[in-house]
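Novice: What follows is a predicted structure for the sequence shown.
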Amino acid sequence: MNSIGNWIFAAVLWIIFPLSLPTVAAEHGDHDEHGSEHGVEHAGEGGVHLSPEQLEMAGVVIEALQPRDVAGIISAPGEIQLNAYATTVVSLRIAAQVVARQARLGDAIVQGQPLVTLSSVEMARAQGELLVAEREWSRVKKLGRDVVSEQRYTEARVGREQARARVRAYGMPEVAIKKLLGSGKAGLADGQFQLLAPQDGTVISDDFITGELVEPGRELFEISDESVLWVEARLTPDEAAQIKVNAAATMNFRGRQIEGRVTQVHHALDEHTRTLAVRIEIQNPDDRLHPGLFVQARIEGTIREQALALPRDAILRSPDGDWQVFTEQDPGEFTPVEIEVIRTAPEFTVIEGLEPGVRVVTRGAFFLQSELAKSAFEIHKH
């Protein structure tokens, strides 16, 4: 939470709890005999003093920092990859010429959006056959089974369905097929058709040019939903044996920590590196991560180890963006102290920067941070 957010939150607390949860004394205003405005004191610069009653009311819990039993970590380099399960290739089944492009590299698209307009002699032939088959089926159906033979009735019906399936397989969208059949105009069987986006996502490949004649099987677009990506980390067989599906993992990328979870552990060794790949799924809501980037992955293993760790709620961001906890120097006196986050686990966060035995606020740290924010808010107001 940034400093402005802290001030806003502090103002809300000031309105809701003007007496029971008093603010840290500012540099201005009336003070009681203990040097505080409403009973909460500075415990030195940047600190807060709370009475036992206030500690109980705020639900503050203090514990001596001690090593905890946490899952061991296996560290390995990893590479960000596309999520293949959220990626689609758009390719051709027939030879065609590119008439016009409706989507470009990097475009965010939605399912059903036109991507490219094509023209094909083979499609024109299939469209014409569909019109003929549709008219034949209409005549046979109108005459009815009492007039035409069962064989002719069946042949007309099957012929129409096959002709429809053919143009659909070639790439003509269903809405365009209905338009062609609804009009019944032979002039619309001109071989032009559009390919539509099969999913929501981003165009990550479009290696073709307008006017180009493309052959069957040619990949025109690759579309992927990059909101969820994969990290592939390579481990030795002994290391991979300690990794289980759903194990927590943390990726370090340019000083930023990204949390993920193991979704798959490969069973075949890479014949060149003799390593096993472990696939980690990560969230990418801000679209900052892209395939091909390298990260350092830290994955929870099945072997346990002792490490200094705190509950996640005990660790907050300071107004400057650094990680911090609140330590108790004397009874009721709390001071924010910067620490280094080594890794996060499902229940605890492993840290460095404090010695064992230091008394740390493990619950209620956000309240203490809000008291400091309210102090800054009051000073700013004056």
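Specialist: Looks like it came in fine. Numbering: from 1, shown residues only.

Novice: How is the protein divided into domains?
Specialist: Recorded structural domains for the chain (assignment: automatic domain parsing) are 1-60+364-382, 71-84+226-305, 88-222.

Novice: Would you mind saying which of the ones you listed lies nearest residue 338?
Specialist: Each of these was scored for nearness to residue 338 using C-beta to C-beta, and the closest is domain 1-60+364-382 (11.1 Å). For glycine as for every other residue, the C-beta is placed from the backbone atoms N, C-alpha and C.

Novice: what does the longest helix along the chain rub up against?
Specialist: Here the longest helix in the chain is taken by residue count, with DSSP state H as the criterion, and it is helix 121-143. Applying C-beta atoms under 8 Å, 6 or more residues apart in numbering, the set of residues contacting helix 121-143 from outside is 94-96, 148, 152-153, 156-157, 159-160, 162-164, 166-167, 170-172, 177, 180-181, 184, 186, 188-193.

Novice: swap the cut-off to 6 Å and go again
Specialist: For helix 121-143, the surrounding residues in contact (C-beta atoms under 6 Å, 6 or more residues apart in numbering) are 94, 148, 153, 156-157, 159-160, 163-164, 166-167, 170, 181, 189-191, 193.

Novice: Please narrow the residues you listed to those residing in helices.
Specialist: Judged by DSSP H, the subset of the contacts of helix 121-143 located in helices is 153, 156, 157, 159, 160, 163, 164, 166, 167, 170, 181.

Novice: Next one: the first one from residue 79, what distance?
Specialist: Right, the one you point to is residue 153. According to C-beta to C-beta, to the nearest Å, residue 153 and residue 79 sit 60 Å apart.

Novice: Once you drop chain neighbours, what's closest to the residue nearest the centre of the chain?
Specialist: Central residue of the chain (C-alpha atoms, centre = their mean): residue 283, 2.6 Å from the mean position. Leaving aside its sequence neighbours, residue 283 sits nearest to residue 228 (C-beta to C-beta, 6 or more residues apart in numbering; 6.1 Å).

Novice: and what of residue 189?
Specialist: residue 127 (3.7 Å).

Novice: Find me the pLDDT at the one you found, would you?
Specialist: Residue-level confidence at residue 127 comes out at 95, pLDDT.

Novice: Count the neighbours of the spatially closest residue to residue 311 that is not a sequence neighbour for me.
Specialist: Spatial nearest neighbour of residue 311, chain neighbours left out: residue 362 (5.3 Å); criterion: C-beta to C-beta, 6+ apart. The number of residues packed near residue 362 is 18, by other C-beta atoms under 10 Å.

Novice: quick one: what helix or strand has residue 362 in it?
Specialist: strand 359-363 (DSSP states H and E).

Novice: So which bits of that strand are buried?
Specialist: If you call a residue buried by 16 or more other C-beta atoms under 10 Å, then strand 359-363 has these buried ones: 359, 360, 361, 362.

Novice: Distance to residue 121 and pLDDT added to the residues you listed, as CSV?
Specialist: CSV is the format used below for the buried residues of strand 359-363 (distance: C-beta to C-beta, whole Å; pLDDT from 0 to 100):
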residue, distance to residue 121, pLDDT
359, 81, 94
360, 76, 94
361, 76, 93
362, 74, 92
